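Student: the following block contains a protein sequence and its predicted model.
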Amino acid sequence: MTKTREKRRSALRIRRKPGYRRIATEEAWAPTEMLELYMKLMAKRSFDEPGFRSLMGFYLQSPSERARQVAERLQWLDERRIRDMDDSGIDMQVLALTAPGVQIFDRATAVSIAKSSNDQLAEAVRTWPDRFTGLAAVAPQDPPAAAKELERAVLKLGLKGAVINSHTHGEYLDDDKFWDILEAAEALNVPIYLHPRDLPRTMLQPFVERGLDGAIYGFGCETGLHMLRIIVSGALDRFPKLRFIIGHGGEALPYWMYRVDYMHAAAVRSKRFASAKPLKKRPGDYLKENIYITTSGMAWAPAIMFAQSVLGVDRVLYAMDYPYQFTPAEVAAMDAMPISARAKKMFFQSNAERVFNL
């Protein structure tokens, strides 16, 4: 029996498991023209973004066969992606523009590419409505335009929220100049998926010196920091109904929740740090009430079950992180988690349906 046939037989066994649909909630894609613009940027000697060169340079310029396959799969919004989903037992993907998305560009280019990519994504969703749904790209470089594009993408194109690939030229969403975007998401009742990207120059060097700048550690540190900055800035007091989603097991924040609560309260009481603002709640309360996490790249039952225990089973969603971590075997491992049938259906299906209004 060929490896392909063995793979498909395994997938068939997975698909026969009853009781829930498998909705993968952090699955990447990229329009070809955006990847071509990435290549042009990397060809410019004047373009000085070492984190971006490290990340996308590997996938777009490396001779590695794995890199080539990822770059190809990123561009698939057709039967080839559906085939991969079938082979791994995935019923639906929530698609989002891959990191760093439009956030590497100048303002005009970012606004244009966000609009074009949203149109292409919406067309794929119309073609495969039972298999694809998606999140809108927006350009934080122009917050008012980003808010308008999110409104268009949700109300006219039927997309289910926004993806923001962490920092924009080293700046974070806790800065109130970006709050047009947060206000729009709250008003539209859609989530913002805060996804990692290459590290900003200000924090890159200690990671890259030991090869820790990518998904192994750097991504989680930077995105967890970004989410925590938003929480302690008071943004979620200003926008109490706003929902964020973070991947990779919550970028370690569930594990740190007790210490963050304790030390934030101590910092506010002591007035040691002028920037430590009093909040209406503990930081951990916002994690429990405004934040959802996915398991992209973290198909590890102990971590998933811990997150469910501290955040609630209604706050943890399945994700594969296709095509970067395309591992069909993980689906069977997640099926086998020692949790109740009700919790498993929530994990794979019901939570995603609720969060993304499917």
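Tutor: Structure received.

Student: pLDDT value on the residue most central in space within the chain, please?
Tutor: Note on the chain: the residue nearest the mean C-alpha position is residue 195, at 3.6 Å, using C-alpha atoms, centre = their mean. Looking at residue 195, its pLDDT is 98.

Student: now it, nearest residue through space, not along the chain?
Tutor: Spatially, and ignoring its direct neighbours in sequence, residue 195 is nearest to residue 165 (5.0 Å; C-beta to C-beta, 6 or more residues apart in numbering). In this view, the C-beta of every residue, glycine as well, is placed from N, C-alpha and C.

Student: give me the neighbour count for that neighbour.
Tutor: Burial measure for residue 165: 23 neighbouring residues, criterion other C-beta atoms under 10 Å.

Student: distance of it from residue 140?
Tutor: Using C-beta to C-beta, to the nearest Å, one obtains 9 Å as the distance from residue 165 to residue 140.

Student: which residues are in contact with each of the two?
Tutor: Residues touching both residue 165 and residue 140 (C-beta atoms under 8 Å, 6 or more residues apart in numbering): residue 103.

Student: output the contacting helices and strands for the longest helix seen in the chain.
Tutor: What stands out as the longest helix in the chain, according to DSSP state H, is helix 107-127. Helix 107-127 sits against helix 32-43, strand 92-97, strand 132-134, strand 136-137, helix 143-155, with contacts defined as 3 or more C-beta pairs under 8 Å, 6 or more residues apart in numbering; DSSP states H and E.

Student: average pLDDT across that helix?
Tutor: Taken as a whole, helix 107-127 carries a mean pLDDT of 98.

Student: residues in contact with it?
Tutor: 29, 31, 33-34, 37, 77-78, 95, 97, 101-103, 105, 132-134, 136-139, 141-142, 145-146, 149, 152-153, 157-159.

Student: also stretch 257-271?
Tutor: So stretch 257-271 is contacted by 228, 232, 253, 273, 276-279, 282-284, 287, 310 (C-beta under 8 Å, 6+ apart).

Student: and for stretch 318-330?
Tutor: The contact list for stretch 318-330, computed with C-beta under 8 Å, 6+ apart, reads 7, 10-11, 14, 22-28, 69-70, 73-74, 84, 87-90, 93-94, 215, 247-248, 294-297, 299, 331, 334, 347-348, 352.

Student: now do 7 Å
Tutor: 7, 10-11, 22-28, 70, 73-74, 84, 87-88, 90, 93, 247, 294-297, 299, 334, 347-348 (C-beta atoms under 7 Å, 6 or more residues apart in numbering).

Student: same check, this time on stretch 52-61
Tutor: With C-beta under 7 Å, 6+ apart as the criterion, stretch 52-61 contacts 35, 38-39, 42, 67, 70-71, 100, 104, 198, 208, 213-214.

Student: could you rerun that using 6 Å?
Tutor: 38, 39, 42, 67, 70, 71, 104, 198 (C-beta atoms under 6 Å, 6 or more residues apart in numbering).

Student: ok, these vs residue 219, which is closest?
Tutor: Nearest to residue 219 among the contacts of stretch 52-61: residue 198, at 8.3 Å, using C-beta to C-beta.

Student: give me phi/psi at the closest one?
Tutor: phi -60, psi 150 (degrees, to the nearest 10).

Student: show me the contacts for it.
Tutor: 51, 52, 55.

Student: any chance of those in JSON lines, plus neighbour count?
Tutor: Supplementary listing: those in JSON lines, determined by neighbours: other C-beta atoms under 10 Å:
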{"residue": "51", "neighbour count": "23"}
{"residue": "52", "neighbour count": "21"}
{"residue": "55", "neighbour count": "23"}
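
Student: lowest-confidence member of those residues, which is it?
Tutor: residue 55 (87).

Student: quick check: that one is in a helix.
Tutor: Yes - the assignment for residue 55 by DSSP: H, G, I helix; E, B strand; the rest coil puts it in a helix.

Student: next one: it from residue 288, what distance?
Tutor: For residue 55 relative to residue 288 (C-beta to C-beta), the value is 32 Å.

Student: next one: residue 219
Tutor: From residue 219 to residue 288 the distance is 23 Å (C-beta to C-beta).

Student: of the two, give the one with the bigger neighbour count.
Tutor: Set side by side, residue 219 and residue 288 give different neighbour counts by other C-beta under 10 Å, the larger being at residue 219 (25 against 15).

Student: for the more buried one, what is the enclosing helix or strand?
Tutor: helix 218-232 (DSSP states H and E).

Student: just the C-alphas of that helix, formatted as CSV.
Tutor: Extracted as CSV, the C-alpha positions of helix 218-232 are listed here (Å, rounded to 0.1, in the frame of the first residue of the first chain):
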residue,chain,number,x,y,z
GLY,A,218,10.0,34.1,20.2
PHE,A,219,6.5,34.2,18.6
GLY,A,220,4.8,33.2,21.8
CYS,A,221,6.8,35.7,24.0
GLU,A,222,6.0,38.6,21.7
THR,A,223,2.3,37.9,21.1
GLY,A,224,1.7,37.1,24.8
LEU,A,225,3.4,40.4,25.6
HIS,A,226,1.1,42.1,23.1
MET,A,227,-2.0,40.6,24.6
LEU,A,228,-0.9,41.5,28.1
ARG,A,229,-0.2,45.1,27.0
ILE,A,230,-3.7,45.4,25.7
ILE,A,231,-5.2,44.0,29.0
VAL,A,232,-3.2,46.2,31.4
